[in-house]
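In: below is the sequence, then the predicted model.
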Amino acid sequence: MPVRVGEWEIDAIYSASQKVPFVHTGTVAGVLLERVVDYVKARKDKIHSWFMDMNLLLGYWGASNRTYHHTAPTNSLFGLHEALLLLREEGVENAWRAIGAITMR
């Protein structure tokens, strides 16, 4: 289904790669609006978990020098890239129709 991030005024959204046809788990795609990034950076209390520690991830993504956060799931990224190429070739609207037809059965 279409996800209209701007139209629906969604501040932050993510999805796991296993939600894309033919892709296994291991990667996450997401969108964070600048106001969410500012909010996360302004936090005073420390995150007590590695799970979704956005300050740690933001430091990794925006670093001017090489920073280590995790070992990248290279095979998963290639798989996701190929699945997205197939989706582009098929057309997003055609994929939505096909998935809708399957789920309506």
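Out: Cool, got the structure.

In: any low-confidence regions in this protein?
Out: When residues are selected by pLDDT under 70, those of the chain lie in 1, 17-22, 26, 50, 62-70, 101-105.

In: the strands in it, which residues?
Out: Taking DSSP state E as the criterion, the chain carries its strands at 12-16, 28-32.

In: which elements pack onto the last one?
Out: Pointing back at strand 28-32 there. Counting by 3 or more CB pairs under 8 Å, 6 or more residues apart in numbering; DSSP states H and E, the packing neighbours recorded for strand 28-32 are strand 12-16. Every residue, glycine included, has its C-beta placed from N, CA and C.

In: how about the strands of the chain in a markdown table, adding mean neighbour count and distance to residue 99?
Out: As requested, the strands of the chain are exported to a markdown table (neighbours: other CB atoms under 10 Å; distance: least, CB to CB, whole Å):
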| stretch | mean neighbour count | distance to residue 99 |
| --- | --- | --- |
| strand 12-16 | 13 | 14 |
| strand 28-32 | 13 | 17 |
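
In: TSV please, covering the ones you listed and showing distance to residue 39.
Out: Putting those into TSV (distance: least, CB to CB, whole Å) gives the following:
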stretch	distance to residue 39
strand 12-16	10
strand 28-32	10
